[in-house]
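[1] Quick one, fold the following:
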Amino acid sequence: MIKPAINSKLKISGASLLVNFLISWTILPLAVPPFGIYSLNNLLEVILWQGIATIGWPFAILGGFANLFLQGNVSSLVTLLIVLIYPGMILLLIFVLFSKRSRRWMLIFLHILLTISFVAIWYQVLNGYDFMIG
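    Numbering: from 1, shown residues only. Below you'll find the model as predicted:
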């Protein structure tokens, strides 16, 4: 049985993350260059890439290590930091939901990372991306 304190923490954290997600998905692209209106296809594409990044970050890290060992270099530092956002968000979500003490700073940092991840995805979707580089 879930204790009332944990249940209220789940409700508050879940509601705040849902609001952040909806704002990042719908209003945030208006603040990302090229500062234009976006289409329904862009909205769906952002959800697709956010889901792929949330699930596929271990493969991206593994590919980065393979690139380091085989070619002797790493992709850009920005790409590495964007990939590392996703395991950080998962760990913070686990700490926020299952910590015995209130960790408001972890929830705030989780909101910041979620917003940064959406900014990175929206920037790529709105400005075009090329996976055939190299």
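[2] which residues of the protein fall in helices?
    4-26, 40-71, 77-98, 104-127 (DSSP state H).
[3] Pull out the buried positions in the third one.
    So the one you mean is helix 77-98. 82-83, 85-86, 89, 92-93, 96 (16 or more other CB atoms under 10 Å). Bear in mind the C-beta positions are built from the backbone N, C-alpha and C, glycine included.
[4] For it, name the packing helices and strands.
    Secondary-structure packing of helix 77-98 (3 or more CB pairs under 8 Å, 6 or more residues apart in numbering; DSSP states H and E): helix 4-26, helix 40-71, helix 104-127.
[5] which stretch in the ones you listed has the least confidence?
    Lowest mean pLDDT within the helices and strands packed on helix 77-98: helix 4-26, a mean of 83.
[6] contacts for it?
    2, 43, 46-47, 93, 96-97, 102, 107, 110-111, 114-115, 118-119 (CB atoms under 8 Å, 6 or more residues apart in numbering).
[7] so which of the helices and strands packed on helix 77-98 is the most packed in?
    helix 104-127 (a mean of 17; mean count of other CB atoms under 10 Å).
[8] Which secondary structure elements does that helix sit against?
    Using 3+ CB pairs under 8 Å, 6+ apart: helix 104-127 touches helix 4-26, helix 40-71, helix 77-98.
[9] how close does the most centrally placed residue in the chain get to Ala66?
    For the chain, the residue nearest the mean C-alpha position is Ser117 (3.6 Å; CA atoms, centre = their mean). Using CB to CB, to the nearest Å, Ser117 is found at 23 Å from Ala66.
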